[in-house]
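Engineer: Kindly return the folded structure for what I paste below:
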Amino acid sequence: LVILCVVLAIASPNFFKYSNMMSVLKQTSFNALVSTGMLLCLITAGIDLSVGANATFAACLAGMLVNKGMTNPVVLLLVAIVGGTLIGWINGMLLTRLHLPHPFVSTLGMKNVLWGGALIITNSQMVSFSGNDAVMWLGSKTLGGFPVSFIVVIVIYI
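Structural biologist: Numbering: from 1, shown residues only. Below you'll find the predicted structure:
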């Protein structure tokens, strides 16, 4: 990583600029948030292959509401969180109550179910949050020069 940073800094004089660093923090925040949930799963000696599909499905749930006229970001976040949590609960129930042999099998299947579910609820259409400033606030605003999304990542990591 250090060698890569040195090479990129030499190749591009803009690499270590403040705006580029903040852009990198903004762009990596989503993956960092998803990885915290995956970390908790791995710490308990499990595996969940549906984490990315679950995040996509939860975003599509919120996107469906945006397309129907919902603009309240609190409601949209709650719907996404409840939807993602429900999927996690189903994954847990498949493993603990149905005694499936390994979480690899059930979460791999759930990943495909969620991809299909996302296509169904969005009617296979692109969903855009760009017209809703309240929804995009978390990803675009800064606090003390740092992206709010990255500050949320730090708080969750702590």
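Engineer: Could you report the neighbour count for residue 145?
Structural biologist: By the criterion of other Cβ atoms under 10 Å, residue 145 has 7 neighbours. C-beta here means a position set from N, CA and C on the backbone, and glycine is covered the same way.
Engineer: Helix, strand, or coil at the closest residue in space to it that isn't next to it in sequence?
Structural biologist: Setting aside the residues directly before and after it, residue 145 is nearest to residue 22 in space (Cβ to Cβ, 6 or more residues apart in numbering), at 7.3 Å. Following DSSP: H, G, I helix; E, B strand; the rest coil, we place residue 22 in the helix state.
Engineer: Would you mind measuring from residue 22 to residue 49?
Structural biologist: Separation of residue 22 from residue 49 (Cβ to Cβ, to the nearest Å): 32 Å.
Engineer: how is the chain carved up into domains?
Structural biologist: Domains of the chain are assigned by automatic domain parsing as 50-127, 132-158.
Engineer: closest one to residue 29 among those?
Structural biologist: domain 132-158 (3.8 Å; Cβ to Cβ).
Engineer: So residue 57 versus residue 115, what's the distance?
Structural biologist: 8 Å.
Engineer: if you count what's nearby, which of these two comes out ahead?
Structural biologist: residue 57 (26 against 16).
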